[in-house]
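Student: No letters, just coordinates:
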């Protein structure tokens, strides 16, 4: 057995004389195992204590970070101890190939541990945001679940890219040639999948500009699109139409069409027409004045927006009244209920003034001769009726 020098060890955590190390290397290996176990169990206790403290706190961010980091940290300590142990054992024999293989395995293990740690951290932060969104849903939070998932996907992709680059540098691979080949391949792939790339960029613009979010009611007359947004993907956006059918739209289309987001309106317009009889024309002014005053007394009607009750037009059987106002209730159900209440109050005001709502009627004007002939025909028809039996 040869005497091991310091150059034989690619990494020596302690400055130990080579003669002592050559003679007492089993003791040194046992010391590495003891120190590794001590650090491992110390970290286990520290994480356990920190986790119990974080669970008692009001915020769950510390808990998410501890959950994501405790396993990778403890695994790193175990693998680091094994690396030092095998490095020490292989250093006692002439095995340069095994030592080189151990170094490559060490670089690959560091790559996997780094990637695992980052992925766990991103996953727990994403889950924390999603839990917060579900908790804050009654408060109408502005956080979008699709946006959170997209940021998480990008974060994973970025973490993977950084870890791969660092790993390739650690094993001394020329990145310049690799990037040149990757650039040419990416250009060819871009031409081959331009439609897919257009949808990807369209979805990216949706996430950046945010013209609509999941749950919004949107409409586009250019492509006959109307419904509630259920999901925004990198290739397609899923919309649930008003007839409850699923509509799948390529995400790139939204960068070229006009989209109306009905969920982001501040008010809803109530517009209705009612007709009164021609006999009640003298009462119209008082009815219109009282209707307009009634509209101004409703708390949910915004008096700063256009609000009026006007005599609109003359129809064959009615004098039509046009009523318009804007309500602060933006949901369809609440607006429909508000419109119903307003119309019932308008009908009540019409009745209070002794007027009536009009309905289609026809008035027939006859000359004197036609009227006499009509009366005579009626009398003749009565005389032809058979007598009733007693």
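Tutor: Sure, I can see it. Computed from a prediction, not measured in an experiment: that's the story for all the values here. Numbering: from 1, shown residues only.
Student: Now do the host helix or strand of residue 112: distance to the chain's middle.
Tutor: In the assignment (DSSP states H and E), residue 112 maps to helix 96-135. Remark: helix 96-135 is offset 27 Å from the chain centroid, using C-alpha atoms, centre = their mean, to the nearest Å.
Student: List the buried residues for that helix?
Tutor: Using 16 or more other C-beta atoms under 10 Å as the test for burial, helix 96-135 gives 99, 102-103, 106, 109-111, 113-129, 133. Where you see a C-beta, it was placed from the backbone N, CA and C, and this is true even at glycine.
Student: Tell me what angle the helix or strand just after it forms with helix 96-135.
Tutor: Following helix 96-135 in sequence order, the next helix or strand is helix 145-170 (DSSP H and E). On the basis of axes from the mean of the first three to the mean of the last three C-alpha atoms, to 10 degrees, helix 145-170 is oriented at 170 degrees to helix 96-135.
Student: what is the rounded mean pLDDT of helix 145-170?
Tutor: Mean per-residue pLDDT for helix 145-170: 81.
Student: quick thing: my sequence starts at 49, can you match it?
Tutor: With 49 as the first residue, the last one maps to helix 193-218.
Student: so what does it touch, helix or strand wise?
Tutor: Taking 3 or more C-beta pairs under 8 Å, 6 or more residues apart in numbering; DSSP states H and E as contact, the helices and strands that helix 193-218 lies on are helix 144-183, helix 223-240, helix 242-257.
Student: weakest of the ones you listed by average pLDDT?
Tutor: helix 223-240 has the lowest average pLDDT among the helices and strands packed on helix 193-218, namely a mean of 62.
Student: any idea how far the residue lying closest to residue 167 once chain neighbours are set aside is from residue 173?
Tutor: Ranked by C-beta to C-beta, 6 or more residues apart in numbering and with sequence neighbours excluded, the top spatial neighbour of residue 167 is residue 204, at 6.1 Å. Distance, residue 204 to residue 173, using C-beta to C-beta, to the nearest Å: 11 Å.
Student: mind checking the end-to-end distance for stretch 371-385?
Tutor: Start-to-end span of stretch 371-385 (C-alpha to C-alpha, to the nearest Å) is 16 Å.
Student: Any idea how far that stretch is from the middle of the chain?
Tutor: The answer for stretch 371-385 is 26 Å, by C-alpha atoms, centre = their mean.
Student: and if you look at stretch 175-185?
Tutor: Centroid separation for stretch 175-185 versus its chain: 12 Å, with C-alpha atoms, centre = their mean.
Student: now do stretch 293-304
Tutor: Relative to its chain's centre, stretch 293-304 lies at 16 Å (C-alpha atoms, centre = their mean).
Student: got the contact list for that stretch?
Tutor: Applying C-beta atoms under 8 Å, 6 or more residues apart in numbering, the external contacts of stretch 293-304 come out as 243, 246-251, 253-254, 259, 271, 273, 275, 278, 280-289.
Student: Tell me which stretches of the chain form strands.
Tutor: 265-268, 273-280, 284-289, 294-298, 308-309, 316-324, 356-362, 367-375 (DSSP state E).
Student: To residue 98, which of those lies closest?
Tutor: Nearest to residue 98 among the strands of the chain is strand 273-280; the distance by C-beta to C-beta comes to 36.6 Å.
Student: which residues touch the closest one?
Tutor: Counting by C-beta under 8 Å, 6+ apart, 194, 251, 254-255, 260-268, 285-290, 294-295, 297, 299, 307 sit against strand 273-280.
Student: Can you say which of those residues are buried?
Tutor: 194, 251, 254-255, 260-261, 264-266, 285-287, 295, 297, 299, 307.
Student: Just name the closest of those residues to residue 393, please.
Tutor: Taking C-beta to C-beta as the measure, residue 393 lies nearest residue 265 of the buried ones among the contacts of strand 273-280, at 28.5 Å.
Student: Name the nearest residue to residue 321, sequence neighbours excluded.
Tutor: Nearest to residue 321 is residue 368, by C-beta to C-beta, 6+ apart, at 5.3 Å.
Student: Now for residue 389, how many residues are close by?
Tutor: Counted with other C-beta atoms under 10 Å, the neighbours of residue 389 add up to 12.
Student: for it, what are its contacts?
Tutor: By C-beta under 8 Å, 6+ apart, no residues touch residue 389.
Student: what's the answer for the one 4 residues further on, then?
Tutor: Contacts here follow C-beta under 8 Å, 6+ apart; on that basis residue 393 touches residue 342.
Student: For residue 183, see how far away it is.
Tutor: Going from residue 393 to residue 183 by C-beta to C-beta gives 40 Å.
Student: List buried residues within the contacts of stretch 293-304.
Tutor: Counted by 16+ other C-beta under 10 Å, the contacts of stretch 293-304 give 246-248, 250-251, 254, 273, 275, 280-282, 284-287 as buried.
Student: hmm, back to that, list just the nearest of the buried ones among the contacts of strand 273-280 to residue 214.
Tutor: Ranked by distance to residue 214 (C-beta to C-beta), the buried ones among the contacts of strand 273-280 are led by residue 255 at 27.9 Å.
Student: hang on, that closest one packs against residue 193?
Tutor: No - if you go by C-beta atoms under 8 Å, residue 255 and residue 193 don't touch, sitting 11.9 Å apart.
Student: count of neighbours near the residue lying closest to residue 126 once chain neighbours are set aside?
Tutor: Sequence neighbours aside, residue 88 is the residue nearest to residue 126 in space, at 6.1 Å (criterion: C-beta to C-beta, 6+ apart). Using other C-beta under 10 Å, residue 88 is surrounded by 16 other residues.
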